[in-house]
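[1] turn this into a structure:
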Amino acid sequence: MSEVFSRNTQQTRKGGCSDDGDTPFNHSYSQIILENLPFYLMCGMTYTQYMDEDCELAIYYRKKYLLEEERYNYHAWLQGMYVYEAVADVSPVLHAFAKRGTEILPYAKEPYPITERQQKAAAEREAARKQAEMKAKMTEFMVGFNAQHNKEGVQ
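    Purely as a prediction, here's the structure:
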């Protein structure tokens with residue numbers, strides 16, 4: 001297969017360049033193609049796809065590779081955030097001069113919201129939780145208030 005891409009010295013001289021190294025680009029196309037082959041094989045292309053099929057396929061495999069790298073980097077960052085939070089939650093008891101009875105902070109009850117939909121749902125859950133908390137406080141206040149007024153009314 002590499003014979004197909006090998007550079008013919010006579011054809012090169014026809015183009016005005018010689019093999020003395022005075023060419024602006026000292027690699028033949030076959031060398032460039034073969035040097036890049038391992039990268040595209042790593043990206044998931046087959047040898048046949050890389051050598052024989054549409055050359056634009058390599059562009060899409062490269063874009064796929066870059067997206068996967070970006071995604072992998074994000075997941076590694078997210079994992080680091082979870083580890084950081086876990087260590088920070090445990091750190092109060094790891095302090096050498098921590099007081100007796102110092103407790104660790106609880107780990108997050110749910111994963112971080114990543115997508116817009118997840119963020120919106122988390123915000124709605126938080127608003128509902130706060131509303132239920134305020135309702136419970138208001139009910140407690142009303143029960144106490146009514147009980148006090150009923151005692152005063154009886155006396």
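
[2] give me the neighbour count for residue 87.
    Counted with other CB atoms under 10 Å, the neighbours of residue 87 add up to 10. Placement of C-beta: from N, CA and C, glycine included.

[3] now residue 131
    The burial count assigned to residue 131 is 10, neighbours taken as other CB under 10 Å.

[4] and it, helix, strand or coil?
    Using DSSP: H, G, I helix; E, B strand; the rest coil, the secondary structure recorded for residue 131 is helix.

[5] what sits against it?
    With contact set as CB atoms under 8 Å, 6 or more residues apart in numbering, residue 131 has no partners.

[6] any idea how far it lies from residue 63?
    For residue 131, the distance to residue 63 (CB to CB, to the nearest Å) stands at 45 Å.

[7] now stretch 115-124 - C-alpha only, PDB.
    Presented in PDB, the C-alpha positions along stretch 115-124 are these (Å, rounded to 0.1, in the frame of the first residue of the first chain):
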ATOM      1  CA  THR A 115     -27.500  19.700  32.600                       C
ATOM      2  CA  GLU A 116     -29.900  22.600  32.500                       C
ATOM      3  CA  ARG A 117     -32.800  20.300  33.000                       C
ATOM      4  CA  GLN A 118     -31.200  18.800  36.100                       C
ATOM      5  CA  GLN A 119     -30.400  22.300  37.500                       C
ATOM      6  CA  LYS A 120     -34.000  23.400  37.000                       C
ATOM      7  CA  ALA A 121     -35.300  20.200  38.700                       C
ATOM      8  CA  ALA A 122     -32.900  20.700  41.600                       C
ATOM      9  CA  ALA A 123     -33.900  24.400  42.000                       C
ATOM     10  CA  GLU A 124     -37.600  23.300  42.000                       C
END
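
[8] and the contacts of it?
    Counting contacts by CB under 8 Å, 6+ apart, the residues outside stretch 115-124 that touch it are 110, 113.

[9] now that stretch: buried residues?
    When neighbours are counted by 16 or more other CB atoms under 10 Å, no buried residue of stretch 115-124 is found.

[10] tally of neighbours for residue 34?
    A total of 16 residues lie near residue 34 under the criterion other CB under 10 Å.

[11] assign it to helix, strand or coil.
    When the structure is split into helix, strand and coil by three-state DSSP, residue 34 lands in helix.
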